[in-house]
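Q: can't give you the sequence, but here's the structure:
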Ligand code: AMP
């Protein structure tokens with residue numbers, strides 16, 4: 001007999017399948033992580049590792065090269081292992097992180113064959129991610145047809161961007177075809193905005209710039225919990241430099257590389273997605289911590305360029321909102337690097353922004369100095385929890401005695417019933 005209702009969250013990439021199981025606490029209605037981990041090296045040398053809520057490794061396994069290619073079987077292994085590892089839990093739904101919802105999906109949606117086809121049609125917009133996001137949905141629909149599945153989109157938070165923020169200055173027939181700014185990291189922005197509003201209710205209607213700084217980095221302008229501008233655009237290449245991605249470039253650079261270096265789409269994709277950013281500038285590493293620990297001047301240059309570009313975009317995001325009432329840092333670098341936060345904020349001193357070195361060094365919740373013109377926060381993101389909240393909310397809404405969920409217009413991303 002199952003004591004707990006749990007939600008499985010899947011985040012599938014080209015060679016990895018990350019998973020988390022979050023358990024619902026009946027008393028508080030909150031969600032707690034019980035297990036997470038991943039199958040890495042899919043396609044070549046698949047390796048499974050699971051950790052409990054205290055980050056202790058509780059299981060590991062490897063597969064040979066042939067079995068590493070059997071994605072469906074690897075997913076089945078994970079489900080069977082979860083059944084054994086969590087005998088008191090019943091997985092009531094699976095929530096998936098999906099990079100692109102296009103224009104059609106501005107909110108999470110229950111996965112149906114029609115939804116899968118519509119999401120398949122968006123593959124050209126995100127060819128490196130979307131097919132991998134969809135594969136486990138299809139596999140689960142075939143092997144566990146009774147398990148409700150919900151797709152949660154990285155683009156959804158930005159679905160209400162004003163047209164000036166979502167439109168490129170291109171001939172508008174391209175816009176009508178879908179060549180527009182979509183924005184990404186939406187589940188992180190949604191979680192962090194809700195968390196800030198819960199911790200500081202006086203900021204619920206404020207103009208907040210959120211810096212999601214990790215391997216992938218972007219910033220968002222969030223006004224009263226809604227996205228009004230962001231640095232990523234048509235793809236997750238735009239905006240600030242990242243671990244290996246270039247961030248925004250003069251499009252003329254691409255024309256130059258095509259004409260003068262004979263580079264085609266594949267070579268450009270490799271350059272811009274895998275060989276640029278912190279790695280490209282430093283020539284050493286894509287990892288911020290490694291660069292900050294290095295004494296090599298090239299490492300220092302990469303960090304400096306990153307901070308310069310982030311600070312510049314903070315000002316741009318504030319400009320899009322006509323002002324700024326709070327600044328938030330989140331994700332791997334934003335949450336853990338006092339050095340990056342200090343350097344970004346010192347470049348924004350002209351705004352009257354100042355941080356408290358002691359609070360910043362400890363990555364405290366609020367790191368601004370007493371005389372700072374606006375508060376600066378460090379808020380850990382939790383995209384898995386956001387996905388689980390949406391998934392369970394949609395399940396509740398479509399339950400026989402619940403409010404019928406409208407499949408095309410699921411519960412608002414800005415108004416998730418349970419708090420995070
Ligand atoms: P994410 O993609 O959110 O997991 O973030 C990964 C990035 O966070 C990598 O560049 C890490 O080097 C960086 N990071 C994690 N911990 C630290 C730290 N203590 N100091 C500096 N960077 C860190």
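A: Received, thanks. Model, not experiment: these values are computed from the prediction.
Q: Could you list the low-pLDDT ranges of this structure?
A: 1, 400-420 (pLDDT under 70).
Q: and the end-to-end length of stretch 274-292?
A: 20 Å (C-alpha to C-alpha, to the nearest Å).
Q: Kindly report the same for stretch 279-299.
A: Per C-alpha to C-alpha, the first residue of stretch 279-299 is 9 Å away from its last.
Q: how far is it from where the chain is centred?
A: Centroid separation for stretch 279-299 versus its chain: 24 Å, with C-alpha atoms, centre = their mean, to the nearest Å.
Q: Would you indicate which residues of it are buried?
A: Across stretch 279-299, burial judged by 16 or more other C-beta atoms under 10 Å covers 279, 280, 281, 282, 285, 286, 287, 288, 291, 292, 294, 299. Placement of C-beta: from N, CA and C, glycine included.
Q: now stretch 210-219
A: Buried-residue list, stretch 210-219, by 16+ other C-beta under 10 Å: 210, 211, 212, 213, 214, 215, 216, 217, 218, 219.
Q: which residues touch the residue in the stretch 151-300 of the chain that the ligand sits nearest to?
A: Taking C-beta to the nearest ligand atom, the ligand has its nearest neighbour within the stretch 151-300 of the chain at residue 214, 2.5 Å off. By C-beta atoms under 8 Å, 6 or more residues apart in numbering, the contact set of residue 214 is 331, 332, 333, 334.
Q: Please apply the same query to residue 111.
A: 96, 137, 141, 148, 149, 150, 151.
Q: ok, and of the contacts of residue 214, which contact the ligand?
A: Restricting those to those touching the ligand (C-beta under 6 Å from any ligand atom) yields 331, 332, 333.
Q: need those residues in TSV with secondary structure, can you?
A: Formatted as TSV, these follow (DSSP: H, G, I helix; E, B strand; the rest coil):
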residue	secondary structure
331	helix
332	helix
333	helix
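Q: out of these, who has the most neighbours?
A: residue 333 (27 neighbours; other C-beta atoms under 10 Å).
Q: how about it, what does it touch?
A: 213, 214, 217, 288, 340.
Q: give me phi/psi at the first one?
A: For residue 213, the backbone dihedrals (degrees, to the nearest 10) come out as phi -120, psi 100.
Q: sorry, back to before: sitting in helices, which of the contacts of residue 111 do you find?
A: Among those, the ones falling in helices (DSSP state H) are 137, 141.
Q: and which of the contacts of residue 111 is nearest the ligand?
A: residue 96 (18.9 Å).
Q: So which bits of the stretch 151-300 of the chain are right by the ligand?
A: 214, 215, 243, 287, 288, 289, 292.
Q: Could you export the residues you listed as a markdown table, including distance to residue 103 and secondary structure?
A: Formatted as a markdown table, these follow (distance: C-beta to C-beta, whole Å; DSSP: H, G, I helix; E, B strand; the rest coil):
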| residue | distance to residue 103 | secondary structure |
| --- | --- | --- |
| 214 | 26 | coil |
| 215 | 27 | coil |
| 243 | 29 | coil |
| 287 | 35 | coil |
| 288 | 34 | helix |
| 289 | 38 | helix |
| 292 | 40 | helix |
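Q: now, among those, which is nearest to residue 358?
A: Nearest to residue 358 out of those is residue 292 (C-beta to C-beta; 19.2 Å).
Q: The closest one contacts residue 303, correct?
A: Yes. The pair residue 292 and residue 303 passes the contact test of C-beta atoms under 8 Å, sitting 6.2 Å apart.
Q: which SS state does residue 234 fall under?
A: coil.
Q: show me the contacts for it.
A: So residue 234 contacts 125, 168, 179, 180, 181, 182 (C-beta under 8 Å, 6+ apart).
Q: Skipping adjacent residues, who's closest to the fifth one in space?
A: Nearest non-adjacent residue to residue 181, counting by C-beta to C-beta, 6 or more residues apart in numbering: residue 233, 4.0 Å away.
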